[in-house]
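>>> just coords:
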């Protein structure tokens, strides 16, 4: 439609249009979920959708996967820089999955569509999603012992996969020739592209109503509004320097050496800087973060700690400065491996910022969550169909306790916000039979508000063979508690070979260097795998926990009676009820004199 001068923008119109754009991004995600092929998309929801203005700045995104918050911004930025906005045409779609060009990690495919109105570029729709199969050395794309990006899969810089509305067959052929499950990968990629068309259609509708000039002005106003509100939030935080350090990995899948993360949060007025200077050099194994991952984690943490009603767009990030030295675990140098940085280091960056600000914002932060995405990739040939299969699961762990309530139980960690894939779906699609799916008893860190519980998933292989790879943390280190809260219990990966009753670690049974990070172990029919995930840390003194809450945890079988008595200072009778008077005496005796 014709471009005319934009009238002034009132607050009601701004909110209506912002909600329209966010709803559009949600609708994009729903369309993608409903048309995708893999359980990682249609059950796990490991994707994000967003809308960008003509300048490449994000103006709206849906609440899918926070791990993509920063990376999708840089992916779009890199794409525009490399191809050039002047070289986009109506009907184009760009494909990109290079972690060294703004991306998260190699399995995150990103597709971007320029949107035109009467020949003028007015916006971009974008979708980023974790593809189940991307080639590389192992099915499922998660090689726990990779040492360089070439082992992690097919890496493609920004290229047009559709040009002028027609498929670029050469690009499609290259991608599908390099994955083990081309039918599934093709369907998932088509679902991502389909989501872009949904966004494009809705943008045309709102431009038809408001005109191009007003649409541009509304986008700027929405970003400015978010910036003002974020600056106001930061201005309310106490000025100062807040340092924190933590060993964020136990090993890198290649060596047994942990990695140290150091950061300093500096608050001055309405500006906030997160400086990661002093963090360890990048590791040989795939535990390094790209800059996009570190930015996503930083933004993720700050959005958790500020008013949730602030629209999440480019304006939120203007008051935030990030310093991430190149060649370190928070900004990997080419060609370092980084597939695990997004899943395992990202949540630790979020938690480290929580730790740094725990003194300044005690009512907003939580104790450490379970600290792992606990990614398990499997592949092989299905005995009933003869088709090659590959799948990746995000396992659930416990979240950290907080000032107002207990941590959530058995959920994907907050940075992912993904859903667990139901065992019924896994058994329908893959040759496995589940023997257990249960809360990891006693795994929650004790506290006035305890951490959440992890879980145990156990399955038996029902095909001649199955290949398994793993990326899991917190087997040795425990998720820390806050303000007197105790740590959560550890995670673990175990296997019992066919005919064996006892489970052993994969290191013991299969000889892998690092039990929680390994690649391509061959399982045989009848082998059983047990995945145990960690609990979250507790918040506050366990001796202050309400007796009724402890009774309920014991009654549900979440905490053994003897553990409840030891950690919470309670006295239980034979029925599992708390003896209030005896408990009060015991707790008084347990108090440390001031």
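Right, received. Where do you want to start? Keep in mind the model is a prediction, meaning the values are calculated, not measured.
>>> now the helices for the stretch 401-550 of the chain?
Here the stretch 401-550 of the chain has its helices, by DSSP state H, counting those that start in this stretch, at 423-429, 506-510, 547-555.
>>> after the last one, next one along is what?
I take that to be helix 547-555. In the C-terminal direction, the helix or strand that comes right after helix 547-555 (DSSP states H and E) is helix 561-568.
>>> quick check: mean pLDDT of stretch 395-404?
On average, the pLDDT along stretch 395-404 is 95.
>>> which parts of that stretch are buried?
395-403 (16 or more other C-beta atoms under 10 Å). (Glycine included, C-beta is placed from N, CA and C.)
>>> redo the residues you listed as TSV? Include distance to residue 292.
Formatted as TSV, these follow (distance: C-beta to C-beta, whole Å):
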residue	distance to residue 292
395	24
396	25
397	24
398	27
399	24
400	25
401	30
402	28
403	31
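>>> what's the closest of the residues you listed to residue 354?
residue 400 (8.0 Å; C-beta to C-beta).
>>> OK, contacts around that closest one?
Applying C-beta atoms under 8 Å, 6 or more residues apart in numbering to residue 400 gives the contacts 351, 366-369, 407, 445, 451-452, 479, 481-482, 488, 536-539.
>>> what do you get for residue 13?
Residue 13 makes contacts with residue 218, as judged by C-beta under 8 Å, 6+ apart.
>>> burial count for residue 563?
Number of residues near residue 563 (other C-beta atoms under 10 Å) recorded here: 17.
>>> returning to that earlier point: let me have the helices of the stretch 401-550 of the chain in CSV, extended by mean pLDDT and distance to residue 63.
Putting these into CSV (pLDDT from 0 to 100; distance: least, C-beta to C-beta, whole Å) gives the following:
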stretch, mean pLDDT, distance to residue 63
helix 423-429, 97, 23
helix 506-510, 96, 36
helix 547-555, 95, 30
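>>> of those, which is nearest residue 238?
Between these, helix 547-555 lies closest to residue 238; by C-beta to C-beta that is 32.1 Å.
>>> contacts for that closest one?
With C-beta under 8 Å, 6+ apart as the criterion, helix 547-555 contacts 406, 450, 559-561, 564, 568, 570, 572, 576-578, 580, 583.
>>> got the angle for it vs helix 561-568?
150 degrees (axes from the mean of the first three to the mean of the last three C-alpha atoms, to 10 degrees).
>>> nearest residue to residue 563 other than its sequence neighbours?
Leaving aside its chain neighbours, residue 563 sits nearest to residue 442 (5.1 Å; criterion: C-beta to C-beta, 6 or more residues apart in numbering).
>>> which residues of this protein score low on pLDDT?
1-7, 592-594 (pLDDT under 70).
>>> can you pull out the helices in it?
11-35, 39-42, 71-83, 169-177, 182-210, 212-235, 291-305, 314-317, 346-357, 423-429, 506-510, 547-555, 561-568, 580-590 (DSSP state H).
>>> leaving out chain neighbours, which residue sits closest to residue 171?
residue 161 (4.8 Å).
>>> the one you found: how many residues sit nearby?
Using other C-beta under 10 Å, residue 161 has 23 neighbouring residues.
>>> now do it against residue 186, distance only.
12 Å (C-beta to C-beta, to the nearest Å).
>>> mutual contacts of these two, please.
Shared contacts of residue 161 and residue 186, defined by C-beta under 8 Å, 6+ apart, are found at residue 172.
>>> now the strands for the stretch 401-550 of the chain?
Taking DSSP state E, counting those that start in this stretch as the test, the strands found in the stretch 401-550 of the chain are 432-439, 455-461, 465-471, 492-496, 504-505, 517-524, 528-532.
>>> can you redo those strands as a markdown table with distance to residue 151 and mean neighbour count?
Listed next are the strands of the stretch 401-550 of the chain as a markdown table, based on distance: least, C-beta to C-beta, whole Å; neighbours: other C-beta atoms under 10 Å:
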| stretch | distance to residue 151 | mean neighbour count |
| --- | --- | --- |
| strand 432-439 | 26 | 15 |
| strand 455-461 | 25 | 22 |
| strand 465-471 | 12 | 23 |
| strand 492-496 | 21 | 21 |
| strand 504-505 | 24 | 14 |
| strand 517-524 | 9 | 20 |
| strand 528-532 | 23 | 21 |
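>>> for residue 342, which of those is the nearest?
For the strands of the stretch 401-550 of the chain, proximity to residue 342 was assessed by C-beta to C-beta; strand 465-471 is nearest, at 10.4 Å.
>>> quick one: that closest one to chain centroid distance?
Taking C-alpha atoms, centre = their mean, to the nearest Å, one finds strand 465-471 lying 21 Å from the centre of the chain it belongs to.
>>> by contact count, what packs against it?
The contact analysis (3 or more C-beta pairs under 8 Å, 6 or more residues apart in numbering; DSSP states H and E) places strand 465-471 against strand 375-381, strand 517-524.
>>> residue 538 versus the residue lying closest to residue 398 once chain neighbours are set aside, what's the distance?
Nearest residue to residue 398, sequence neighbours excluded (C-beta to C-beta, 6+ apart): residue 452, at 3.2 Å. Counting by C-beta to C-beta, the gap from residue 452 to residue 538 is 10 Å.
>>> neighbour count winner among these two?
The neighbour count for residue 452 versus residue 538, taken as other C-beta under 10 Å, is higher for residue 538 (33 against 30).
>>> if we can go back for a sec, show me the common contact partners of residue 452 and residue 538, please.
400-401, 444.
>>> okay, now residue 387: neighbour count?
12.
>>> equivalent analysis for residue 27, please.
Applying other C-beta under 10 Å, we find 17 residues neighbouring residue 27.
>>> need the contact list for the closest residue to it other than its chain neighbours.
Distances taken as C-beta to C-beta, 6+ apart place residue 198 nearest to residue 27, at 5.7 Å, with adjacent residues excluded. Contacts for residue 198 (C-beta under 8 Å, 6+ apart) come out as 24, 27-28, 31.
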